[in-house]
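>>> I would like to see how this sequence folds:
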Amino acid sequence: MKKTAAILSLCLIAVATVAQKHAKPFQQQTNKDSLLYSQWYQHLHANPELSTMEATTAAYLKQAVTQWGYTITDSLGYYSFAAVLKNGDGPVVYYRTDMDGLPLKEQTGLPFASTVTRMRGEESLPAMHACGHDIHMSVWLGIAKLMAEQRNTWKGTLVLLAQSAEETGQGAKRMITTTNFQQLPQPNKLLAVHDHASLPAGTVGFCNGYMMAAVDMMNITIYGKGGHGAVPDQAIDPVLLAAQYVTAIQSIVSRNLSPNDPAVITVGAIQGGSAGNIIPDKVVLRLTIRSYSEASRAIIFQRLKTIGDNLAIAAGLPSDKLPLYDLLDMSIPSVYNTPALGDQLRTTIAQKHGAAAVQQVQPVMIGEDFGVYGRFFKDTPAYLLWLGTAAPNSNAATLPSLHSPFFAPAYKETIAGGVQLIATCLTSLFSNVNN
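Numbers count the residues shown, from 1 in each chain. Next up is the predicted model:
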């Protein structure tokens, strides 16, 4: 009987060993912390703050990471900060999260849905984490805790950036100008994630090279000479000029740029005039411009001015009435993912989590200010990964998109999977103690 019990015990140990061997990396730790992940996420989701106003959110994150041994570097612009964990000699890796929500009224019906309103100036606005920055922060916290607990397995310096104002394109640009940021250890690698509404939770999406577009917002004022609508010959009609201009600039992408270098020019608003029988003296156009390469961006700006100026001259306007081109303070560069770093991370994840954990994603024309860091640290490999958020067996075509008031990711699976996958990436970038 004793012999049988001993054999059974050995078999159970062997089965447990095999099961542990085939478990995903860090799965034991994420299972242990799953309740904590949900608490973080539900708190952050229910309490969003708008861009440049993330004081309470930043304080919440700082309180958590300091208890795990991170040193805080403040004054990185608005409420941005860095949490630094030095763990011996080795590479320096930056991992960034964003913190801001959107001015949107949530309609998910979740028990922890946001019902808060925030003041922006004198305006009261609803707020929601409709772009998943609550997911980003929860994964960031999970990474902070796990890497601190696993510090005996890696060597180097982990710099966790928590950034304000991603949604308005202000946060990263402000951060890199601060003295405290420039005094942080110089990075060897830059890493971040952005949630993806239709990729399955527990997967990451790769896009080497240009991943997201440069974003430029521009207001263009088309001038004219006002007059009576019944005698247009005595006026110079800016409404007609604006119509000609909107049509003419559509040829920039199709005729001035390479077909292999996509771009978008959208006139989203036209404002001018007050009555049907009055020719106004100006019309304002509001544009969004998206591009990947700096060369295409420069061509677009040059052609916008050339076309506008020459239409005005052809209409008989003097030089002081040429269009005014006002580039707003929301411009951000494109996100360029270093291909060699992407190939390295893809191989690591496929080996340790299986090929199904890796997804290929095409470039998109939406913007993200993570590209600012890649431009600032010009020779430093950088990568922004897509993080899947869709529930298992869900129909991707019917899921609410990012920036939707109905966006509700499968947060439990997403956060646990995200922590496992990003921790795998980070430990592969640091000096491995066992090696």
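>>> Can you say which helix or strand has residue 173 in it?
Taking DSSP states H and E as the criterion, the element that holds residue 173 is helix 171-175.
>>> Same question for residue 215.
Using DSSP H and E, residue 215 sits in strand 214-223.
>>> Give me the below-cutoff pLDDT ranges for the stretch 251-400 of the chain.
Applying pLDDT under 70 to the stretch 251-400 of the chain flags no residue at all.
>>> Strands along that one, start to end?
For the stretch 251-400 of the chain, the strands defined by DSSP state E, counting those that start in this stretch cover 263-271, 278-279, 282-291, 324-327, 335-337, 358-360, 382-390.
>>> quick one on the thing from earlier: past the strand holding residue 215, which element shows up next along the chain?
strand 227-228.
>>> What average pLDDT does that next one get?
For strand 227-228, mean pLDDT is 98.
>>> hang on, the earlier thing: what's the angle between the strand holding residue 215 and strand 282-291?
160 degrees (axes from the mean of the first three to the mean of the last three C-alpha atoms, to 10 degrees).
>>> what sits up against strand 214-223?
Strand 214-223 is contacted from outside by 169, 238, 241-242, 245, 272, 281-292, 297, 304, 308, 312, 317, 321-328, 330-334, 367, 371, using C-beta atoms under 8 Å, 6 or more residues apart in numbering. Glycine gets a C-beta too; all of them are placed from N, C-alpha and C.
>>> What of stretch 257-266?
Residues outside stretch 257-266 that contact it (C-beta under 8 Å, 6+ apart): 213, 249-250, 252-253, 287-293, 295-297, 299-300, 304, 363, 365.
>>> buried residues in that stretch?
Neighbour counts over stretch 257-266 (16 or more other C-beta atoms under 10 Å) mark 257, 262, 263, 265 as buried.
>>> Any idea how far apart the tips of it sit?
Length of stretch 257-266, first residue to last, C-alpha to C-alpha, to the nearest Å: 16 Å.
>>> any idea how far that stretch is from the chain center?
Its chain's C-alpha centre and that of stretch 257-266 lie 22 Å apart, by C-alpha atoms, centre = their mean, to the nearest Å.
>>> again with stretch 262-279
30 Å.
>>> for stretch 44-64, same thing?
A distance of 17 Å separates the centroid of the chain from that of stretch 44-64, by C-alpha atoms, centre = their mean.
>>> So for that stretch, what gets flagged as buried?
Buried residues in stretch 44-64 (16+ other C-beta under 10 Å): 44-54, 57-58, 60-62, 64.
>>> biggest strand in the protein by residues?
Secondary structure of the chain per DSSP state E: the longest strand is strand 189-200.
>>> Sort out which of the contacts of stretch 257-266 are buried, if you could.
For the contacts of stretch 257-266, a neighbour count by 16+ other C-beta under 10 Å gives the buried set as 213, 249, 252-253, 287-293, 296-297, 299-300, 304, 363, 365.
>>> hey, what's residue 236 bridged with?
residue 225 (DSSP bridges).
>>> That one reaches residue 316, doesn't it?
Yes. Look at residue 236 against residue 316 with C-beta atoms under 8 Å: they come within range, at 5.9 Å.
>>> higher neighbour count, these two?
Between residue 236 and residue 316, counted using other C-beta atoms under 10 Å, residue 236 has the larger neighbour count: 20 against 10.
>>> Distance-wise, check the spatially most central residue of the chain relative to residue 393.
By C-alpha atoms, centre = their mean, the mean C-alpha position of the chain lies nearest to residue 368, the distance being 4.1 Å. As judged by C-beta to C-beta, to the nearest Å, residue 368 and residue 393 stand 29 Å apart.
>>> Equivalent analysis for residue 203, please.
The value you get for residue 203 to residue 393, if C-beta to C-beta is used, is 14 Å.
>>> So which of the buried residues of stretch 257-266 is the closest to residue 415?
Proximity of the buried residues of stretch 257-266 to residue 415 (C-beta to C-beta) peaks at residue 262, which lies at 33.2 Å.
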